[in-house]
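> below are the sequence and a predicted model; questions follow.
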Amino acid sequence: MEVQDIILETKQEIESFRKKNPDGVVIIRWATATGKSKLSIELSKYFDTEIISADSRQIFRYMNIGTDKVADEILAKIPHHQINMVNPDENYTSGQRKNDVYKIIPDILARKRLPMIVGGTWLYIDTVYKNFSMPDIPPDMKLRDELFAKEDKEPGILHKELMKLDPEEAAKLHPKSTRYIVRALEIFHKSGQTKTDTFISQAPQRPLLMLWLRREKEDTNKKINTRVREMLRWWLVEEVEWLLKKWYDKTLQSMQGIGYKEVIEFIEWRCSYNDMEDRIMITTHQLAKKQRSRFRRYMAEGIQAPRENVTYKVWKLS
C-alpha cells in the first residue's frame, strides 16, 4: 500500500476511533525505518496532535543526529514530549517515564488535542499498552558497573544468572541484550523480587488505537542504509566529537547506542570510515530484525487475544 493511501485510511480510522473514544490514545509502532515519524507528522495536518516519543535514545539532549530526532522546525509546529529529557550522563528509567507519560496524556486531552505515541522501543510502549505495574527502584550505578564488568570478563554470564533467577524474563532477552539483563538483575538484587513478579500487566487506563506499520525487510534495510549515509553527511562524526569534548565519557550508556559507539571507534582510529559506515548499517539491520520479531509476536497476540479497550489495525507499506 502506498504511503498516501495509508495516510488517508489512518485518518479515517482515527476519526472513527475518536468519535467513540474522545479520551483515547493513538499508538504508532513497528521497527526502525518504517516511516512512523513521517506518518505521525502527516496526520498532524488533520488533527491537533501532540506526539509522545517512544524512543529510548531521543530522551538525551544534544544527541540529535544519531537518534534521528525530528527537525527543530517540526518541533516548533507540533508539540513533542519525551524528547531531550536528560543529559547524556544522566539516567531516566522506564518507571520514571511511565509516571511522566501518565501525567502528559491527561494534560494533552485537557487541551482538546490528540495524544499520539510514536516509536519502536517496546518497553516504552508497553508502559501504556500493557500498563505494567513497575517497581520504583532507582539505578544503582555501582552495582551496574560491577555487572557490566562481569559480563565483559565472561560474555554471556549475566544471561545465565538471570536464567536461574528469572527464567521467564531471561527467555524474552537475547544473551547480548546486556542493558536489559543488567536492569532485571538490578531489580532482583535491590528488591529481592524478580522482574517477572514485579512487572504485572493490567488493562490500559484509556482506550487505545494500535496502528502497526510494516515494511518488507529488504525495503527497510535499504532505507536504513540511506538514513545512515544521511546521518554521516549531516555531521554525525562531528556531533560525537562535540559530545566527547563536553566530557561525556565514551563509556556512558547513552554513548553505547548504535551510531555513537561505531563513530567513537572511527575517531579513535580503530576502524576506517567505510568500516564505520558498514558497522552502523549492519547493527541497525540487526536491531530492526529484533524489533520485527518482537512486534510480530505482539501483533499475533493482539489478533488472537485482543487486549481489553484496544483497537488494532495493521498496514503494510509497499
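Perfect, thanks for sending it.
> in the chain, where's the longest helix?
The longest helix of the chain (DSSP state H) is helix 273-304.
> same for that helix, what does it pack against?
Secondary-structure packing of helix 273-304 (3 or more CB pairs under 8 Å, 6 or more residues apart in numbering; DSSP states H and E): helix 122-129, strand 208-214, helix 217-233, helix 260-267, strand 310-316. All C-beta spots, glycine's among them, are computed from the backbone N, C-alpha and C.
> how far does whichever strand or helix holds Leu244 sit from the chain's center?
Using DSSP states H and E, Leu244 sits in helix 236-245. A distance of 23 Å separates the centroid of the chain from that of helix 236-245, by CA atoms, centre = their mean, to the nearest Å.
> check stretch 169-185 too.
Here stretch 169-185 is found 16 Å from its chain centre; the criterion is CA atoms, centre = their mean.
> got the end-to-end distance for it?
Separation of the first and last residues of stretch 169-185 by CA to CA, to the nearest Å is 10 Å.
> hmm, who's touching that stretch?
If you take CB atoms under 8 Å, 6 or more residues apart in numbering as the criterion, stretch 169-185 is touched by 144, 147-148, 151, 156, 158-159, 161-163, 165-166, 194-196, 253, 256, 290.
> so what's the residue nearest the centre of the chain up against?
Centroid-nearest residue in the chain, with CA atoms, centre = their mean: Thr121, separated by 2.3 Å. Counting by CB under 8 Å, 6+ apart, Thr121 makes contact with Ala54, Asp55, Ser56.
> distance of the spatially closest residue to Arg279 that is not a sequence neighbour from Val237?
The shortest distance from Arg279 to any non-neighbouring residue, by CB to CB, 6 or more residues apart in numbering, is to Glu262 (4.6 Å). Look at Glu262 and Val237: by CB to CB, to the nearest Å, they are 10 Å apart.
> out of those two, which sits in the busier spot?
Glu262 (26 against 17; other CB atoms under 10 Å).
> now do the more buried one against Phe188, distance only.
32 Å.
> so who does Lys142 touch?
So Lys142 contacts nothing (CB under 8 Å, 6+ apart).
> and the gap between it and Lys190?
The value you get for Lys142 to Lys190, if CB to CB is used, is 12 Å.
> residues near Gln82, how many?
Using other CB under 10 Å, Gln82 has 22 neighbouring residues.
> residues in contact with Val26?
Listed by CB under 8 Å, 6+ apart, the contact partners of Val26 are Ile14, Phe17, Leu114, Pro115, Met116, Ile117, Leu208, Leu209, Leu211.
> same check, this time on Pro207
Going by CB under 8 Å, 6+ apart, Pro207 touches Phe17, Lys20, Asn21, Asp23, Gly24, Val25, Asn309, Val310, Thr311.
> now these as TSV including distance to Asp5, pLDDT and neighbour count?
Shown next, in TSV, are the contacts of Pro207 (distance: CB to CB, whole Å; pLDDT from 0 to 100; neighbours: other CB atoms under 10 Å):
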residue	distance to Asp5	pLDDT	neighbour count
Phe17	18	96	20
Lys20	23	95	10
Asn21	24	96	15
Asp23	29	96	12
Gly24	23	97	21
Val25	24	98	24
Asn309	28	91	13
Val310	24	93	17
Thr311	20	91	19
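> switch those over to JSON lines; also include distance to Thr127.
Shown next, in JSON lines, are those (distance: CB to CB, whole Å):
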{"residue": "Phe17", "distance to Thr127": "21"}
{"residue": "Lys20", "distance to Thr127": "24"}
{"residue": "Asn21", "distance to Thr127": "19"}
{"residue": "Asp23", "distance to Thr127": "18"}
{"residue": "Gly24", "distance to Thr127": "17"}
{"residue": "Val25", "distance to Thr127": "12"}
{"residue": "Asn309", "distance to Thr127": "16"}
{"residue": "Val310", "distance to Thr127": "14"}
{"residue": "Thr311", "distance to Thr127": "19"}
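> which one of these sits closest to Glu50?
Using CB to CB, Val25 comes nearest to Glu50 of the contacts of Pro207, at 10.7 Å.
> find the nearest non-adjacent residue to the closest one, please.
Nearest residue to Val25, sequence neighbours excluded (CB to CB, 6+ apart): Pro115, at 4.7 Å.
> good, wrapping up.
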